[in-house]
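Enquirer: sharing a model prediction with you, sequence too.
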Amino acid sequence: MALRAALKYKCVLSGLLSQQSSCSSHGRVCATPVLAAQRRNNSSSPKIAVDFDQSTGVAVMRLESPPVNSLSLDFLTELCISVEKLEMDKSCRGLILTSSQPKVFSAGLDITEMYGKSPERCGEFWRAVQEMWLKLYGSSMVTIAAINGSSPAGGCLMSLTCDYRIMADNPRYSIGLNETQLGIVAPFWFKDTMTNTVGQRTTEVALQLGLLYNPSEALKIGLVDQLVPEDQVLATATQTMTKWLAIPDHARAITKSMMRKPTIDKLTSNREADIQHFVNFITKDSIQKSLGMYMAMLKKRRV
């Protein structure tokens, strides 16, 4: 399993670093690992649903891994494969990310992927988290987050990768990078993504305190771009997409790359070191104890 997973992510990384190569070559390299991953995901219910309208060139990707769209290894693998397929289809110009789960966009990284796992498994998981970010933050498509529920931690990161964020105007929902509340640290590329969005000082305070913002607070600091009634989130995202697609693709995509490339390059040149740093940190006894206490608290809440 570990070897197959390693081959799979080697393939995905190869595809990311070889975007300038021919599609036919890219397809030959990735065919076997993609099929292997699909067989793995088919062993359970699909966690990602994609509805691509070729007439508009827009795909709607729904996160549907109950109960809270936790970012597990399988979930991240399926998401990366789905995004890559859309990216390779030149008729797909825009992607809307939203959730099929009530009241939650994504609760973030799956704690069970980090608790009680071997260093090798933790490293595999973290590579998948990196891959999700690289696929979305570096996408040439227009990406819009239709945030129809709470979006803490990794869910917030996923939202931040998008070009535009529309959130349900419900005061019960929250969004933010709250890793420090769990006793863990948001890595530099989480920090860079948020800094690029809301600025240095706001990010510094937010990350140290692990702040979660309600929708109106998130709008005020620029963490989201627009608030709408809950039942209008997806429709508004669809309408907003038409404005973005009115811009010639090449001009918009080159401009996006120009803005984001330094941040992307910083991770791609430090991926292995970042993985090793994560593994060394997350496997510490003190961190494992904190994660165990947090999981126990969650279990009590469910009872």
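Expert: In hand now; what should we look at?
Enquirer: packing partners for whichever helix or strand F281 is part of?
Expert: F281 belongs to helix 271-282 when elements are defined using DSSP states H and E. Other elements packing on helix 271-282 under the criterion 3 or more Cβ pairs under 8 Å, 6 or more residues apart in numbering; DSSP states H and E are helix 119-137, helix 285-302. Backbone N, C-alpha and C define where each C-beta goes, glycine included.
Enquirer: confidence-wise, which of the ones you listed is weakest overall?
Expert: Looking at those, the lowest mean pLDDT belongs to helix 285-302 (a mean of 84).
Enquirer: gap between that one and the chain center?
Expert: 23 Å (Cα atoms, centre = their mean, to the nearest Å).
Enquirer: still on that earlier bit, give me the residues contacting the helix holding F281.
Expert: By Cβ atoms under 8 Å, 6 or more residues apart in numbering, the residues outside helix 271-282 that reach it are 114, 119, 122-123, 126-127, 130, 184-185, 187-189, 267, 287-288, 291.
Enquirer: again, but for stretch 130-141
Expert: Residues outside stretch 130-141 that contact it (Cβ under 8 Å, 6+ apart): 9, 12-13, 16, 71, 76, 79-80, 83-84, 86-87, 92-95, 143, 157-158, 161-162, 189, 193, 249, 253, 256-257, 260, 263-264, 267-268, 271, 274-275.
Enquirer: repeat that with 6 Å
Expert: Here stretch 130-141 makes contact (Cβ atoms under 6 Å, 6 or more residues apart in numbering) with 12, 16, 76, 79-80, 83, 94-95, 161, 253, 264.
Enquirer: stretch 285-298 now?
Expert: 111, 115, 182-183.
Enquirer: flag every buried residue along it.
Expert: 287-288, 291, 294 (16 or more other Cβ atoms under 10 Å).
Enquirer: go on, stretch 114-134?
Expert: 114-115, 117, 121-134.
Enquirer: K103 contacts I147, doesn't it?
Expert: No. With contacts counted by Cβ atoms under 6 Å, K103 stays clear of I147, the gap being 11.5 Å.
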